[in-house]
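A.B. asks: What follows is a predicted structure for the sequence shown.
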Amino acid sequence: MHLGFGELLLIFLVILLIFGSSKLPQLGDALGRGIKNFKKATTPEEETLDASPKKLEGTASTTSATAADRTTAQKK
């Protein structure tokens, strides 16, 4: 189904008659926000959030030091 220029113009005129010219900017804004929120909700989470764990510097040495402290404490 393809809408031509004439059909789109007729739809726009009917909307203009129903809502009036003062409401059209508000309707356009609401429609734009709705489309934006829909696109945001349908995008995969991998694109929006990076959930992969990051390796921090110095954490490996701290972990091994605490493990060595626990081993020493258990022997005493």
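C.D. replies: Sure, I can see it.

A.B. asks: Any buried residues in the biggest helix by length in the chain, and which?
C.D. replies: Using DSSP state H, we find that the single longest helix of the chain is helix 24-42. Residues of helix 24-42 include none that count as buried (16 or more other C-beta atoms under 10 Å). All C-beta atoms are positioned from the backbone trio N, CA, C, and that covers glycine.

A.B. asks: What helices and strands are in contact with it?
C.D. replies: helix 5-19 (3 or more C-beta pairs under 8 Å, 6 or more residues apart in numbering; DSSP states H and E).

A.B. asks: got the contact list for the helix it packs on?
C.D. replies: Residues from elsewhere that reach helix 5-19 (C-beta atoms under 8 Å, 6 or more residues apart in numbering): 3, 24, 27.

A.B. asks: and the nearest residue to the first one once chain neighbours are set aside, what pLDDT?
C.D. replies: Nearest residue to residue 3, sequence neighbours excluded (C-beta to C-beta, 6 or more residues apart in numbering): residue 11, at 7.9 Å. In the predicted model, residue 11 carries a pLDDT score of 92.

A.B. asks: Closest to residue 33 out of the contacts of helix 5-19?
C.D. replies: Ranked by distance to residue 33 (C-beta to C-beta), the contacts of helix 5-19 are led by residue 27 at 11.0 Å.

A.B. asks: Contact partners for the closest one?
C.D. replies: Contacts for residue 27 (C-beta under 8 Å, 6+ apart) come out as 15, 19.

A.B. asks: Next, work out how far apart it and residue 57 are.
C.D. replies: Applying C-beta to C-beta, to the nearest Å, the value for residue 27 to residue 57 is 53 Å.

A.B. asks: before we move on, what about residue 10?
C.D. replies: Distance, residue 10 to residue 57, using C-beta to C-beta: 65 Å.

A.B. asks: which sections of this protein are below the confidence cut-off?
C.D. replies: Low-confidence segments of the chain (pLDDT under 70): 45-52, 58-76.

A.B. asks: same thing but at 90, please
C.D. replies: Applying pLDDT under 90 to the chain flags residues 1-3, 15, 19-25, 27-28, 42-76.

A.B. asks: any idea how far residue 40 is from residue 34?
C.D. replies: Relative to residue 40, and taking C-beta to C-beta, residue 34 is found at 11 Å.
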